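Participant: mind looking at a prediction? Sequence and model below.
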Amino acid sequence: MVKLSDSIKNLKGIGPKKEKLFHKLGIYSLEDLLLYYPRRYEDSSKIVRISNAIIGEKNTFKVRIISKLQNRRIRKGLTLTSFLAEDGSGEAELSFFNAFYLNSKIKIGSEYLVYGKAEFFRGRISISSPEIEDIHNLKKLGKISPIYNLTEGLNNFAFENAISQIINLNLFEENLPEEILRKYSLINKNHAIKSIHYPSSRKNYIQARERLIYEELFLFELSILKNKFQNERRDAIKFEIKDKVFNFIKDLPFKLTKGQQNVVDEIFSDMKKGKSINRLIQGDVGSGKTIIAIIIMYLAYLNGYQSSIMAPTEILAKQHFKSFVELLEPLGVKIALLIGSTTKSAKRDILDNLEMGSIDILIGTHALIEENVIFRKLGVNVIDEQHRFGVLQRNMLQNKNKKAATIVMSATPIPRSLSLVLYADLDISIIKTMPLGRKPIKTIAINENMLDKALNFIKSELSKNRQAYVICSLIEENEDYENLQAVEKVYDELKSFFSGYSLGLLHGKMKADEKNKIMTQFAENKINLLVSTTVVEVGVNVPNASVIMIYNAERFGLSTLHQLRGRVGRGEYQSYCILYNLSKSEVSWERMKIMTDSNDGFYIANKDLELRGFGDILGTRQSGMPNLRLADPFRDEIILKYATEDVKNILEEDPNLESKKYFYLNREIADFYSDLN
Ligand code: ADP
Ligand code: MG
């Protein structure tokens, strides 16, 4: 029996070579193939009368050939064959290049379907190089045909051929509950899959989209909310808010901002009540989220609990380690750092001490999630820059002690209405205030003509003993983008311009310890100018850096630009951001203007959403959410709201989806989690 999980290699027409090409597109199984939806459609289903032809557009006509017009040689290697056709409403001339064979194929007096662009020429409709098929033997014409995103060596026919072999086998189980299908009159899964590839009409296509978008968003919310419903039922630790923690806050080198204080209060109040804690702290870059983690984790320590903080990069983990040690070690807190580059024996030690309870705070990268990381008494988990991690990773940490509090911190601002749905399983705190004394970063966008001026400006900052970042987008030169400034090339160029200064190069393909070495040297002001890819995007803190220049700024999302800009302006110095826009397009300058106009991450995120749509911003694929192939939570906000309501109602009634009617739904969710493992 044919199953969805079967390999595509069993299909006719797919040999080892083709199979590899399909793999390139991420298609391995029949399921992958069926879920590879068309990019667009060619619609020749609507027959138009010649007298109603839409000039300049593709039309489908049903015609009878009345005469051969001519075979004409235009020049060497180019002949023109043309026929006259009519459909009762008017006449049209059909002409074909280098198609001499048509003379014997096309029969005067017979009927054909013709699909092509109509022009008005010499007093009649003329269609150049149309597709033409015998009305009694239609293959492609007369219907809506799918057009797929291809890769070299695979043509559209290869897709159609493969998909048509299985499209009628109804391989999917219906995963949505019957009452949902009825409530919205959604078509069933197999029907929807069939229709998204081969819509029988425009209406049918819309039905298919509706059903599939609903399903994607429903599963999306279910995967988020299922945890919440389970979390809320679990016991949580009751913490005592000890006086020592207030003394600690009072003795900090700075006063907490109002925003920070509010968040601390909110979390303390939950901790005191023994309420299960799952909270998202959103705060713009530099709003001071780390200190909140330090305070909460110190309170956990005072209550005899261990805690952990997970960061997306080693650089950031090390930086956290430094801040934690500085503030907490004098108070007797034992802190350890566990990252990918920790040696085996050091790791052994850490894991032993952790299990015995002689480490209070563990700081690290996703190395923390590993199964052999066992805490004796875990009280608090903090996940920094949560958009880099997924729901699944969060759950894995949580599973180390289900009673522990989970706090996730993010500098990626998302409009509140949307985050209520996207992070529906989390309580949300937003820090709106910035620490006092911060000078807003001055941002300017430049083109090639201003490059020298900009570089000289950077030089003048370096001469005042400040430091600078230069950000480029990729490592290798990429033929696709003529103007792309590769990081190594820029580094070489700048080395001569900035002779006398120490330059560093940083990119994602370097080994972890090399990267750390460079970053440490930059942090210690042994490197004056750091040329880097976006690996520095997340969270690094070098207060002495006062300029960041971003090459090919047009290629970055606004939110990324804003994150990058946040690398400067972290100290007492006036800081600058130079956006080097190598594009001449108007849109790119509009985007630059948003950046130069505003320093407000939420404003920028909203604009970014408007300009780019949703997918890019959250990177849903990486962040462990179900794939959204058709749905866009931003555009489809209303469907998202309905789906969220439905999911809540179902979970309220049956939090573990144990009822028989949720059998396939449950399996889908389980598959989804195991896919990520
Ligand atoms: P982010 O929210 O981007 O993670 P950080 O926690 O790294 O920001 O804080 C940025 C800088 O601001 C750090 O150097 C930190 O010590 C400092 N800082 C945090 N809170 C305050 C405050 N209330 N007043 C002054 N400086 C602060
Ligand atoms: Mg941070």
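Facilitator: Yes, it's here. All values derive from a computational prediction rather than experimental measurement. Ligands and ions are numbered 1, 2, ... in the order given.

Participant: what residues does the protein put near ligand 1?
Facilitator: Taking Cβ under 6 Å from any ligand atom, the part of the chain that reaches ligand 1 is made up of 254-257, 260, 283, 285-291, 411, 435, 539, 541, 570. From N, CA and C alone the C-beta is placed, and that goes for glycine too.

Participant: in strands, which of these appear?
Facilitator: In this view, the residues of the chain next to ligand 1 that belong to strands under DSSP state E are residue 283.

Participant: among the residues of the chain next to ligand 1, name the buried ones.
Facilitator: With burial judged by 16 or more other Cβ atoms under 10 Å, the buried subset of the residues of the chain next to ligand 1 is 256-257, 260, 283, 285-291, 411, 435, 539, 541, 570.

Participant: can you pull the contacts of residue 577?
Facilitator: Taking Cβ atoms under 8 Å, 6 or more residues apart in numbering as the criterion, residue 577 is in contact with 441, 442, 443, 444, 547, 548, 549, 550, 564, 565, 568, 595.

Participant: how about the strands of the stretch 51-200 of the chain, start to end?
Facilitator: For the stretch 51-200 of the chain, applying DSSP state E, counting those that start in this stretch gives strands covering 58-75, 78-86, 91-97, 111-121, 124-128, 131-134, 144-147.

Participant: partners of the third one, with directions?
Facilitator: Sheet neighbours of strand 91-97, with direction, are listed as strand 78-86 (antiparallel), strand 124-128 (parallel) (DSSP bridges).

Participant: turn those into a markdown table, including mean pLDDT and mean neighbour count.
Facilitator: Formatted as a markdown table, these follow (pLDDT from 0 to 100; neighbours: other Cβ atoms under 10 Å):
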| stretch | mean pLDDT | mean neighbour count |
| --- | --- | --- |
| strand 78-86 | 93 | 18 |
| strand 124-128 | 92 | 19 |
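
Participant: redo those as CSV? Include distance to residue 658.
Facilitator: Shown next, in CSV, are those (distance: least, Cβ to Cβ, whole Å):
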stretch, distance to residue 658
strand 78-86, 65
strand 124-128, 61
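
Participant: dump stretch 629-646 to PDB, restricted to CA.
Facilitator: In PDB, the C-alpha atoms belonging to stretch 629-646 read as follows (Å, rounded to 0.1, in the frame of the first residue of the first chain):
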ATOM      1  CA  ARG A 629       3.200  27.400   3.700                       C
ATOM      2  CA  LEU A 630       0.100  29.500   2.800                       C
ATOM      3  CA  ALA A 631      -0.800  31.200   5.900                       C
ATOM      4  CA  ASP A 632       0.500  34.600   7.000                       C
ATOM      5  CA  PRO A 633      -0.600  35.300  10.600                       C
ATOM      6  CA  PHE A 634      -0.400  39.000   9.900                       C
ATOM      7  CA  ARG A 635      -2.400  39.000   6.700                       C
ATOM      8  CA  ASP A 636      -4.700  36.200   7.900                       C
ATOM      9  CA  GLU A 637      -5.200  37.800  11.300                       C
ATOM     10  CA  ILE A 638      -8.900  37.100  11.400                       C
ATOM     11  CA  ILE A 639      -8.600  33.400  10.600                       C
ATOM     12  CA  LEU A 640      -5.900  33.300  13.200                       C
ATOM     13  CA  LYS A 641      -8.200  34.700  15.800                       C
ATOM     14  CA  TYR A 642     -11.000  32.200  14.900                       C
ATOM     15  CA  ALA A 643      -8.500  29.300  14.900                       C
ATOM     16  CA  THR A 644      -7.200  30.400  18.300                       C
ATOM     17  CA  GLU A 645     -10.700  30.500  19.700                       C
ATOM     18  CA  ASP A 646     -11.400  27.000  18.400                       C
END
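
Participant: for the record, mean pLDDT for that stretch?
Facilitator: Here stretch 629-646 scores 86 as its mean pLDDT.

Participant: in that stretch, what's buried?
Facilitator: 630-634, 636, 639-644, 646.

Participant: any chance of the residues you listed in TSV with secondary structure as columns?
Facilitator: Listed next are the buried residues of stretch 629-646 as TSV, based on DSSP: H, G, I helix; E, B strand; the rest coil:
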residue	secondary structure
630	coil
631	coil
632	coil
633	coil
634	coil
636	coil
639	helix
640	helix
641	helix
642	helix
643	helix
644	helix
646	helix
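
Participant: just the residues you listed now: which is nearest residue 162?
Facilitator: Nearest to residue 162 among the buried residues of stretch 629-646 is residue 630, at 20.5 Å by Cβ to Cβ.

Participant: residue 178: how many residues sit nearby?
Facilitator: Neighbourhood size, residue 178 [other Cβ atoms under 10 Å]: 10.

Participant: for it, which non-adjacent residue is spatially closest?
Facilitator: With Cβ to Cβ, 6 or more residues apart in numbering as the criterion, residue 178 has its nearest non-adjacent residue at 6.7 Å, and that residue is residue 661.

Participant: closest residue of the protein to ligand 1?
Facilitator: The chain approaches ligand 1 most closely through residue 288 (2.8 Å), counting by Cβ to the nearest ligand atom.

Participant: so that residue sits right up against residue 431, yeah?
Facilitator: Yes. Under the criterion of Cβ atoms under 8 Å, residue 288 is in contact with residue 431, at a separation of 7.3 Å.

Participant: now do the shared contacts for those two.
Facilitator: 257, 260.

Participant: got the buried residues of stretch 629-646 as a markdown table, with distance to residue 218 columns?
Facilitator: Below are those laid out as a markdown table (distance: Cβ to Cβ, whole Å):
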| residue | distance to residue 218 |
| --- | --- |
| 630 | 13 |
| 631 | 10 |
| 632 | 15 |
| 633 | 12 |
| 634 | 17 |
| 636 | 11 |
| 639 | 9 |
| 640 | 9 |
| 641 | 12 |
| 642 | 9 |
| 643 | 4 |
| 644 | 9 |
| 646 | 7 |
